[in-house]
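Asks: The following comprises the amino acid sequence and a computationally predicted model.
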Amino acid sequence: MGIYQQKQVICAGTFGHTESMAFEWANAFPAWFQATPPERIGLHGEYDYHGLQKRVEAQYNRHFSPLELDQVAVSQRGRVVILQGVVRDRAMLRQLVDLAKQVEGTFRVETNWVTCESEQDALLAV
């Protein structure tokens, strides 16, 4: 009998019944590990891998017209909301960041890939 088979026999003998194993497995992890992370909760409370992104987009749609958000893209990386595109001005960008931070599950908002129309116009005028 090889060493791998010996370890299998030893481990198999320690577990016993599968019913008690399921109970122990449920208690092996803390409650926060068994619950759905807040960034993975969808619009209606279901599990959704892109849930945070969808909830931030819904928040934006309640506060802005579709034309204002036409050039803005929202994505997520875990609990980080990433904004990309072109916004009207810095005030709108600040408002977008504030609204995203209000959504449960948001840890940080990245705006590295956002430009403002007003600043682009000023650069073109020079």
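Replies: Looks like it came in fine. Numbering: from 1, shown residues only.

Asks: Against which helices or strands is the helix or strand where Ala73 lies packed?
Replies: Assessed by DSSP states H and E, Ala73 sits inside strand 72-77. Counting contacts by 3 or more Cβ pairs under 8 Å, 6 or more residues apart in numbering; DSSP states H and E, strand 72-77 packs against helix 51-63, strand 80-87. Where you see a C-beta, it was placed from the backbone N, CA and C, and this is true even at glycine.

Asks: what's the angle between it and strand 80-87?
Replies: 160 degrees (axes from the mean of the first three to the mean of the last three Cα atoms, to 10 degrees).

Asks: Give me the residues contacting strand 72-77.
Replies: Here strand 72-77 makes contact (Cβ atoms under 8 Å, 6 or more residues apart in numbering) with 39, 50, 52-53, 56-57, 60, 81-87, 96, 100, 114.

Asks: sorry, back to before: adding mean neighbour count, write the helices and strands packed on strand 72-77 out as TSV.
Replies: Formatted as TSV, the helices and strands packed on strand 72-77 follow (neighbours: other Cβ atoms under 10 Å):
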stretch	mean neighbour count
helix 51-63	18
strand 80-87	18
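
Asks: and Leu43, which of the ones you listed is closest to it?
Replies: Leu43 lies closest, by Cβ to Cβ, to one member of those: helix 51-63, at 5.5 Å.

Asks: Can you pull out the low-pLDDT segments for this structure?
Replies: Residues of the chain meeting the criterion pLDDT under 70: 1-26, 29, 32, 121-126.

Asks: returning to what we had before: as TSV, the helices and strands packed on strand 72-77 with distance to Val72 would be great.
Replies: Shown next, in TSV, are the helices and strands packed on strand 72-77 (distance: least, Cβ to Cβ, whole Å):
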stretch	distance to Val72
helix 51-63	8
strand 80-87	4
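
Asks: Out of the ones you listed, flag the one nearest Thr106.
Replies: Nearest of the helices and strands packed on strand 72-77 to Thr106, taken as Cβ to Cβ: strand 80-87 at 5.5 Å.

Asks: mind listing what the closest one pairs with, with the direction of each?
Replies: strand 72-77 (antiparallel), strand 108-116 (parallel) (DSSP bridges).
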